[in-house]
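*Asks:* Fold the following and give me the result.
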Amino acid sequence: MKSRTVGVVGLGFGRAHIPAFQANGCRVVAVCQRDRASAKAIADRYGVEQVFTRWEEMLERARPEVVVIATPPRLHSAIALQALAGGAHVLCEKPLALTRSEARAMAEAAAGAGRVAMTGFNWRFTAAMRRFNAMVQEGALGRVFHVQARFLGSRFADEAAAPTWRMDRAEAGHGAMGDMGVHLIDLVRWNFGEFVRLAATGGLAYPSRGIPGVGRPADAEDYCTVVGELATGARVTLSVSRAAHGMNEHTLEASGSRGTLVYRLSRDGARWFDGELSAASSGGALEAVSVAGGIQAPATGDQLEVLGLTTIAPLVARLLEGIEGGQTPAPSFGDGYGAQAVLDAVLESLAQRAWVAVAGAGAAASLASSR
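*Replies:* Below you'll find the model as predicted:
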């Protein structure tokens, strides 16, 4: 397989993408971040030659074959559209955009350009989640009755935690739902199909906390609960928080006419990145399911690198296969659009304090090349 050149825009979580691409034989030739000194230090660490402070300049001068977008969501659309117009393939972090209309325009631009464009739903790629999906497809659950999922973290649990752009809805689009809950939305859609309606409630952990450099209070939710209904009739509950002291895990539980599946990933243990899976059938007790065959990677060391090597690297491998084969694999921009439609409905429900329909969800399938 041909070695591809890569440029990474945004080096917070974006740094995890560098070892993920390098592990797949790619050459990361450029990185971009407003803080040049920090960008230069990261470039030196990973052997990247070119450093930029403006993404427009990176696209024009470095001309990478693949562009990784890991900036605040406000910039996703502009960068993606210009990268695609310049002939690059794109891997964009989640949430794909600020709105479903932006996400749709991005998906349509990728299709028009004939480029591979994927969304960074890396939590599809743990060993336990891949096995969970396979068992769902094999019919282990039968007709699904209900699904519960949660994603809990402690990053902003302490009132003294430094505020970031993630607390600004204008930059991030959402708070905990866009940052963490969008992964749950994707896992539910991937395994069980489309949302048709939902109701959401959420709040701020510390309403007096300000947005850095803006001079106004934070307005992006720190915790949120969503109840929803899928096209199949199954009921869904999502619980998300980035203000849960001592927590760093996500779970997905589903029960149906034939059985129950329970997935859990907690950031502890020697091979935390494999996740855990249990199953029950015919009225029996839950029993552990083997998830052997996960990525071989060290569990210790820089955890952002570990995350990149174990959950992003498999996604990158699919992207590269798609480029070689001329087809866009899942999770595509179409999948990002589908999740964005649910996020739009969450915002609408939070504002109206009512059940709302998930508009545009049916278009996701036509925008996604595959599942």
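*Asks:* quick one: secondary structure of H250?
*Replies:* strand (DSSP: H, G, I helix; E, B strand; the rest coil).
*Asks:* Neighbours of it, how many?
*Replies:* Residues near H250, counting by other CB atoms under 10 Å, number 25. Quick note: C-beta positions are derived from backbone N, CA and C, even for glycine.
*Asks:* which residues of the stretch 151-300 of the chain score low on pLDDT?
*Replies:* For the stretch 151-300 of the chain, the stretches flagged by pLDDT under 70 are 293-294, 296-300.
*Asks:* What's the separation between the residue nearest the centre of the chain and I185?
*Replies:* The residue lying closest to the centre of the chain (CA atoms, centre = their mean) is F121, at 3.6 Å. Taking CB to CB, to the nearest Å as the measure, F121 falls 9 Å from I185.
*Asks:* so what sits against both of those two?
*Replies:* By CB atoms under 8 Å, 6 or more residues apart in numbering, F121 and I185 have these common neighbours: A339.
*Asks:* Which parts of the stretch 51-200 of the chain are helices?
*Replies:* 55-61, 76-85, 100-113, 127-137, 169-172, 176, 182-192 (DSSP state H, counting those that start in this stretch).
*Asks:* Deepest-packed of the ones you listed, please.
*Replies:* helix 176 (a mean of 28; mean count of other CB atoms under 10 Å).
*Asks:* count of residues packed around E287?
*Replies:* Neighbours of E287 (other CB under 10 Å): 9.
*Asks:* which residues does it bridge with?
*Replies:* Counting by DSSP bridges, E287 forms beta bridges with A279.
*Asks:* Distance of it relative to M129?
*Replies:* According to CB to CB, E287 stands 18 Å off from M129.
*Asks:* Check H250 too.
*Replies:* From H250 to M129 the distance is 10 Å (CB to CB).
*Asks:* list the residues that contact both of the two?
*Replies:* Common neighbours of H250 and M129 (CB under 8 Å, 6+ apart) are 123, 265.
*Asks:* The stretch 151-300 of the chain: strands as residue ranges?
*Replies:* All strands of the stretch 151-300 of the chain, identified by DSSP state E, counting those that start in this stretch, fall at 195-203, 223-230, 235-241, 248-256, 259-266, 276-281, 287-288.
*Asks:* Of the ones you listed, which is nearest L350?
*Replies:* Closest approach to L350 among the strands of the stretch 151-300 of the chain (CB to CB): strand 195-203, 5.2 Å.
*Asks:* Need the CA coordinates for that closest one. CSV is fine.
*Replies:* Backbone C-alpha positions of strand 195-203 (Å, rounded to 0.1, in the frame of the first residue of the first chain) are rendered in CSV as follows:
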residue,chain,number,x,y,z
PHE,A,195,-33.3,7.9,16.2
VAL,A,196,-36.8,9.3,15.3
ARG,A,197,-37.5,11.5,18.3
LEU,A,198,-36.0,12.4,21.7
ALA,A,199,-36.2,14.5,24.8
ALA,A,200,-33.2,16.0,26.5
THR,A,201,-32.3,17.7,29.8
GLY,A,202,-29.0,19.1,30.9
GLY,A,203,-27.1,21.7,32.8
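*Asks:* oh, and call the first residue 484 from now on, that's how I've got it
*Replies:* That works, and once the first residue is 484, the last one we named lands at strand 678-686.
*Asks:* Would you mind pulling up the elements that it packs against?
*Replies:* When contacts are defined as 3 or more CB pairs under 8 Å, 6 or more residues apart in numbering; DSSP states H and E, strand 678-686 packs onto helix 665-675, strand 706-713, helix 816-835, strand 839-840.
*Asks:* Share the number of residues neighbouring T554, please.
*Replies:* Using other CB under 10 Å: T554 sits among 24 other residues.
*Asks:* ditto for the one 4 residues further on
*Replies:* Using other CB under 10 Å, L558 is surrounded by 17 other residues.
*Asks:* show me what contacts it?
*Replies:* With contacts defined as CB under 8 Å, 6+ apart, L558 is in contact with 492, 538, 552.
*Asks:* Quick one: residues contacting the last one.
*Replies:* Read it as I552. Counted by CB under 8 Å, 6+ apart, I552 has contacts 492-493, 558-559, 562-563, 566, 573-576.
*Asks:* Now with 7 Å, please.
*Replies:* 492-493, 559, 562-563, 573, 575-576 (CB atoms under 7 Å, 6 or more residues apart in numbering).
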